[in-house]
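Trainee: This is a predicted model, with the sequence first.
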Amino acid sequence: FRPGRETMINYLSNLFPKEKDNIIKYINLVQRVAKMELFFILKIIRPLWLVKLIYFLFCYEFRYYAGKTEYEVLSEHFTDEHLKYLISGLSIDGGPPPSEQSFFIHAGILNHFIEGGFYPKGGPSVFAKNIIPTIEESGGRVLVQAPVSKIIIKGGTAIGVIVKGQEIYAKRIVSSVGIKNTYLKLLSENKLYNNYFNDIINNIPSDLSYNFLFVGLKGSSKELGLNSSNIYTWNKNSFDESVKEYYKNPFKNIPPIFIASSSAKDPEWEKKYPNKSTVCVISWSNTDMFKTQNKPRKRKDDKYIENKKKIEKILWDSLYKYFPKCKGNVLFSSTSTSETVKYYLGSYNGECYGLNAIPKRYSYLKLRPRTNINNLFLTGQDIVASGFGSAITSGVLTVSDILGYGNMYDILTGRNIINDIKNLNNYKKK
């Protein structure tokens, strides 16, 4: 896909001329569903009974499409199976395969890519570099290697956390580590409160993970044939069939794979690191692959290392297939699995995307910042949807809730924190 709505429509129409009218209708639908903002606004409206009332009175279309799988909606619009397979290739970005993934998350991802992908100048670290000074200037601190082991609850109110045995108190506690980590680990001792999300935990799986191959290379992107586009590849016509085939023998069969070069995307890379490049190969996986569980495990036992090497071969073969000039120019490489994800990112079972983006997930209205415990708020992809963009959106929603947005006046006037910040900045300029 090349960027631009009309470019995408023309590209797909040239490949499938009989489906042109359906392609236009489908892209229109994708853009409409992706912009259903009421779903996000409902996250901060209070009280919850009002949320339920608005959801059932005014969110019929959202409920319909969020409750459908990606493949079901594709089948409502297209008869050509190959066109369905092509469009559903982005499923690896959204989580579950097309037959299980909610159309809502698919619409958000496809709509994002219609105008092309985006990459921060200087790499993802620029987010932290720009956010941390603001936090510190406001009297906050950002700590690393400071794992929270417990949320302190007193009289039904969150009053602090325990970090390496030290109690740290605060007026509000915000957890971004996911529902399972928050309620099954950090609140494990609070039996009065920690069953609040049991219905969701028991009914919505969180088992999607990935295998990663990170590669450092000698040579510029141009010399190695790397470019700023993403490659999505799977070895069957159907993405679903590719996943099923892979699960039969995950250490031998080819999984769906994503390949991208961050150095080729970053316009500032060449100035900082001349004659060097990076590329990342990501393949489909799940937490069952290594029986990853939320308990200590030796990550370097013989069987684990043996299976990890099999995965590495699949990833290397895929890299050299699409970028053969990388061969012989490798300076560094590192491979990770769901075990690595659990160890370094602290996800509950080594999952990457938290709660799976299946239709049922979007029917749970209590997936929102405010919890059943006073002064305890949630943020992160679990309360919105999968991925980086959703995590950022969740941060805006959580701050909005804490600051009191989401009342009836805000609903009627469209007032929100983003517009207020813009207006404040304009006022300061005057």
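Mentor: That came through, no problem.
Trainee: Let me see the ranges of the helices in the stretch 201-350 of the chain.
Mentor: With DSSP state H, counting those that start in this stretch as the criterion, the stretch 201-350 of the chain has helices at 221-224, 239-248, 262-265, 269-272, 302-322, 338-345.
Trainee: Which neighbouring elements make contact with the longest one?
Mentor: Pointing back at helix 302-322 there. Identification of packing neighbours for helix 302-322 by 3 or more CB pairs under 8 Å, 6 or more residues apart in numbering; DSSP states H and E yields strand 208-218, strand 231-233, strand 257-260, strand 276-286, strand 330-336. Where you see a C-beta, it was placed from the backbone N, CA and C, and this is true even at glycine.
Trainee: What of the last one?
Mentor: Taking 3+ CB pairs under 8 Å, 6+ apart as contact, the helices and strands that helix 338-345 lies on are strand 208-218.
Trainee: Please repeat the previous calculation with a cut-off of 10 Å.
Mentor: Here helix 338-345 touches strand 208-218, strand 276-286, helix 302-322, strand 330-336, going by 3 or more CB pairs under 10 Å, 6 or more residues apart in numbering; DSSP states H and E.
Trainee: one step back: and of the helices of the stretch 201-350 of the chain, who's closest to residue 46?
Mentor: helix 338-345 (31.8 Å; CB to CB).
Trainee: Partner strands of the helix or strand harbouring residue 150 and their direction?
Mentor: Assigned by DSSP states H and E, residue 150 falls within strand 148-154. Each strand paired with strand 148-154, and its direction, by DSSP bridges: strand 157-163 (antiparallel).
Trainee: Could you pull out the buried residues of the partner strand?
Mentor: Going by neighbour count (16 or more other CB atoms under 10 Å), the buried part of strand 157-163 is 158-161.
Trainee: Tell me the one of these nearest residue 403?
Mentor: Using CB to CB, residue 158 is the member of the buried residues of strand 157-163 that lies nearest residue 403, at 17.6 Å.
Trainee: Surely that closest one touches residue 148?
Mentor: No. With contact defined as CB atoms under 10 Å, residue 158 and residue 148 do not form a contacting pair (11.8 Å).
Trainee: which neighbours do these two share?
Mentor: Residues touching both residue 158 and residue 148 (CB atoms under 10 Å, 6 or more residues apart in numbering) are 173, 175, 186.
Trainee: correct me, but the last one touches residue 175?
Mentor: Yep, that's residue 186 we're talking about. Yes. Using CB under 10 Å, residue 186 is in contact with residue 175, at 6.9 Å.
Trainee: what touches both of these two?
Mentor: Joint contacts of residue 186 and residue 175 (CB under 10 Å, 6+ apart) are 148, 151, 158, 161, 376.
Trainee: mind listing what the second one touches?
Mentor: The neighbours of residue 151, taking CB under 10 Å, 6+ apart as the test, are 158-162, 173, 175, 182-183, 185-190, 193-194, 373, 376.
Trainee: Out of those residues, list just those in strands.
Mentor: In strands, defined here by DSSP state E, the members of the contacts of residue 151 are 158-162, 173, 175, 376.
Trainee: Of the residues you listed, just say which sits nearest to residue 322.
Mentor: Nearest to residue 322 among those is residue 175, at 39.6 Å by CB to CB.
Trainee: ok, how many other residues are close to the spatially closest residue to the closest one that is not a sequence neighbour?
Mentor: Residue nearest to residue 175 in three dimensions, not counting chain neighbours: residue 182, with 4.4 Å by CB to CB, 6 or more residues apart in numbering. The tally of other residues near residue 182 (other CB atoms under 10 Å) stands at 25.
Trainee: who are the neighbours in contact with residue 182?
Mentor: Neighbours of residue 182 in contact, by CB under 10 Å, 6+ apart: 148, 151, 173, 175-176, 194, 196-197, 348, 371, 373, 376, 378, 380, 382.
Trainee: which one of the residues you listed sits closest to residue 361?
Mentor: Among the contacts of residue 182, and counting by CB to CB, the member closest to residue 361 is residue 382, at 9.3 Å.
Trainee: which intervals of this structure have sub-threshold pLDDT?
Mentor: 292-300, 427-430 (pLDDT under 70).
Trainee: which residue is nearest the centroid of it?
Mentor: Centroid check for the chain by CA atoms, centre = their mean gives residue 387 as the closest residue, at 1.2 Å.
Trainee: In contact with the spatially closest residue to it that is not a sequence neighbour, which residues?
Mentor: Sequence neighbours aside, residue 381 is the residue nearest to residue 387 in space, at 6.4 Å (criterion: CB to CB, 6+ apart). Applying CB under 10 Å, 6+ apart to residue 381 gives the contacts 176, 178, 352-355, 357, 387-394.
Trainee: closest to residue 124 among these?
Mentor: For the contacts of residue 381, the nearest to residue 124 is residue 388 (8.5 Å; CB to CB).
Trainee: Quickly list what residue 370 is bridged to.
Mentor: residue 377.
Trainee: That one reaches residue 158, doesn't it?
Mentor: No. Residue 370 is beyond contact range of residue 158, at 11.7 Å (criterion: CB under 10 Å).
Trainee: What count of nearby residues applies to residue 279?
Mentor: There are 24 residues near residue 279, going by other CB under 10 Å.
Trainee: Quickly list what it is bridged to.
Mentor: residue 215.
Trainee: Tell me which residues touch it, please.
Mentor: 213-217, 221, 224, 226, 259-264, 319, 322-323, 326, 330, 333.
Trainee: list the buried ones in the helix or strand where residue 410 lies?
Mentor: Residue 410 belongs to helix 408-413 when assigned by DSSP H and E. For helix 408-413, burial by neighbour count (16+ other CB under 10 Å) applies to 410-411.
Trainee: After it, which helix or strand is next? Please name it.
Mentor: Immediately after helix 408-413, counting by DSSP H and E, sits helix 417-429.
Trainee: Run through the neighbouring helices and strands of that next one.
Mentor: helix 388-402.
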